[in-house]
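**Q** no sequence on hand, only this structure:
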């Protein structure tokens, strides 16, 4: 969440440079980036479903 907050206030030129860099990547580089992002999401996912809080009362 902190990373998203910091990226929100990053200068626009950083975002544009990052977009240009991703566009210039070859197909294999884009595929590896996608695999890394999917792996990161899986690692951050909670292992158990949290129950709805109001069912506990």
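**A** Sure, I can see it. These numbers were taken from a predicted model, which means no experiment stands behind them. Residues are numbered from 1 along each chain as shown.

**Q** over to the residue nearest the centre of the chain. Which of the three states is it?
**A** In the chain, the residue lying closest to the centroid (CA atoms, centre = their mean) is residue 37, at 6.2 Å. Put simply, residue 37 is helix when judged by DSSP: H, G, I helix; E, B strand; the rest coil.

**Q** look up how far residue 50 lies from it.
**A** From residue 37 across to residue 50, the span is 24 Å (CB to CB, to the nearest Å). (Each C-beta comes from the backbone N, C-alpha and C, glycine too.)

**Q** swap in residue 4?
**A** 21 Å.

**Q** again with residue 39
**A** For residue 39 relative to residue 50 (CB to CB), the value is 23 Å.

**Q** which one's more surrounded, these two?
**A** residue 39 (10 against 6; other CB atoms under 10 Å).

**Q** secondary structure element holding residue 29?
**A** helix 27-44 (DSSP states H and E).

**Q** got a list of contacts for that helix?
**A** Residues outside helix 27-44 that contact it (CB atoms under 8 Å, 6 or more residues apart in numbering) are 22, 25.

**Q** what element comes up after the helix or strand bottoming out on mean pLDDT in the chain heading to the C-terminus?
**A** Confidence across the helices and strands of the chain bottoms out at helix 2-8, with a mean of 81, counting by mean pLDDT, DSSP states H and E. Later in the chain than helix 2-8, the nearest helix or strand by DSSP H and E is helix 12-24.

**Q** and that next one, how far from the chain's centre?
**A** 16 Å (CA atoms, centre = their mean, to the nearest Å).

**Q** can you give me the angle that helix makes with helix 27-44?
**A** 120 degrees (axes from the mean of the first three to the mean of the last three CA atoms, to 10 degrees).

**Q** now do helix 12-24, average pLDDT.
**A** Averaged over helix 12-24, pLDDT sits at 91.

**Q** what are the contacting residues of it?
**A** 7, 30, 33.

**Q** list the buried residues of it.
**A** Neighbour-count burial for helix 12-24, counted by 16 or more other CB atoms under 10 Å, picks out no residue.
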